[in-house]
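Visitor: I would like to see how this sequence folds:
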Amino acid sequence: MGRGFKIIAEGDYALFTRPEMKVERVSYDVPPPGALEGMLKSIYWKPAIRYVIDRIIVFNPINFVNIRRNEVKSKISLQNVKSQMKGTGADPCIYASEDRTQRASMLLKDVKYGIEFHFEMTGLKSDKADEDEKKHYNIIKRRLENGQHFRTPCFGCSEFPVRKLELVEDFDLNLIDSDILAMGDCDLGYMSYRVNFEDHGKPINDDWDNPQFSDRATTEYYRPHMIGGVIDVGKYREVKK
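Guide: This next block holds a predicted model:
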């Protein structure tokens, strides 16, 4: 196991979308590990490391709220973007006034999570500096202590930013809400664990200066239990589907 950290993250809203919901967005009750890995990559990321979530502590009650949001129905066409770059005149833009639609979303509100994680070395793009595990540890620690990030950390969707993120020595489990404790041993059912891309983070053209990555991916699922507000991710990680 690589070097580990413990952080507490809080926010007004969160949306960890269930993939089985095709149109209306509905959040999982708790964050999937892959969503938290993405949040950590907003703070610091290099191809030479990967984050591994070990424990998730749910401090606040699991409360949902329904909202309606304006969204666009279409995705920007990669083919049109390439045509525009070649000067053929294809319009790659999406015009919100013409493509707008309203969709309902079921969000989590007033969330607070304890996240215990470590990082491991991947061996990708390894020069001498990237191979220094202690260097990565010190950078992550410093950025967490100083509240630094290169993009805003969010809970699932970029519209729902992390309001407060704090590096801690340990979690005070006495702060877990009584409603969460009353749930006892809660089977959370099958949840998304992580989306795995076929390229495994390595350019398919073997060119780090002008990388091309695969967009082909599969989703791993796992079936965790939340016991007294604590999800021991490592315990259930070994039986992923």
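Visitor: mind checking the longest helix of this protein?
Guide: For the chain, the longest helix by residue count, based on DSSP state H, is helix 133-146.
Visitor: can you list the buried residues in that one?
Guide: The neighbour-count check on helix 133-146 (16 or more other Cβ atoms under 10 Å) flags 136-137, 139-140, 144 as buried. All C-beta spots, glycine's among them, are computed from the backbone N, C-alpha and C.
Visitor: helices of this structure, residue ranges please.
Guide: 33-41, 78-85, 96-99, 133-146, 178-181, 233-237.
Visitor: dump these to CSV, plus mean pLDDT and distance to D215.
Guide: Shown next, in CSV, are the helices of the chain (pLDDT from 0 to 100; distance: least, Cβ to Cβ, whole Å):
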stretch, mean pLDDT, distance to D215
helix 33-41, 95, 16
helix 78-85, 77, 9
helix 96-99, 75, 22
helix 133-146, 94, 27
helix 178-181, 96, 38
helix 233-237, 88, 25
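Visitor: so which of these gets nearest I204?
Guide: Among the helices of the chain, the nearest to I204 by Cβ to Cβ is helix 78-85 (15.7 Å).
Visitor: now do stretch 208-219: distance to the chain's middle.
Guide: Relative to its parent chain, stretch 208-219 has a centroid offset of 18 Å by Cα atoms, centre = their mean, to the nearest Å.
Visitor: hmm, back to that, of all the helices of the chain, which one comes closest to C154?
Guide: Ranked by Cβ to Cβ, the member of those that lies closest to C154 is helix 33-41, at 6.7 Å.
Visitor: in the longest strand seen in the chain, what's buried?
Guide: Ordering each strand of the chain by length in residues (DSSP state E) puts strand 100-121 first. The neighbour-count check on strand 100-121 (16+ other Cβ under 10 Å) flags 105-109, 111-119, 121 as buried.
Visitor: now do stretch 56-74
Guide: In stretch 56-74, counting by 16+ other Cβ under 10 Å, buried: 56-62.
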